[in-house]
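*Asks:* Next come a sequence and a model predicted from it.
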Amino acid sequence: MSKMMDLSIKEASVKLTDKLCASFDQSANEDALIVQELQKLVGFSPLQLRHAHLELKSSKMLWSLFHETPVENKANFTRDIISI
């Protein structure tokens, strides 16, 4: 019985590790995409872009709205989320 419990615990550990790694990979890809999009904006200081990055990264809803915003409106959207 102890051997079966050890196998179950090991399986659960492997599954949990796989899920955590997949989640980390998705988060890293999303983070890189946010950075790429913000680098396209003109007229913002590095500090303002960092603030926008933190706002977009912390809210999937804001990120989704930003991502769907037409290019010509992204600067205004960014100003709104960082309140300048």
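*Replies:* That came through, no problem.

*Asks:* which residues of this structure fall in helices?
*Replies:* 2-39, 46-58, 60-68, 74-82 (DSSP state H).

*Asks:* averaging pLDDT over each of these, which comes out lowest?
*Replies:* Lowest mean pLDDT within the helices of the chain: helix 2-39, a mean of 67.

*Asks:* what's residue 74 in contact with, if anything?
*Replies:* 37, 40-41, 66 (Cβ atoms under 8 Å, 6 or more residues apart in numbering). The C-beta positions use only the backbone N, C-alpha and C, and glycine is treated the same way.

*Asks:* export those to CSV and tack on distance to residue 57?
*Replies:* Formatted as CSV, the contacts of residue 74 follow (distance: Cβ to Cβ, whole Å):
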residue, distance to residue 57
37, 12
40, 17
41, 16
66, 11
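
*Asks:* and the residues you listed as JSON lines, adding distance to residue 52 and neighbour count?
*Replies:* Below are those laid out as JSON lines (distance: Cβ to Cβ, whole Å; neighbours: other Cβ atoms under 10 Å):
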{"residue": "37", "distance to residue 52": "10", "neighbour count": "19"}
{"residue": "40", "distance to residue 52": "12", "neighbour count": "9"}
{"residue": "41", "distance to residue 52": "8", "neighbour count": "16"}
{"residue": "66", "distance to residue 52": "9", "neighbour count": "20"}
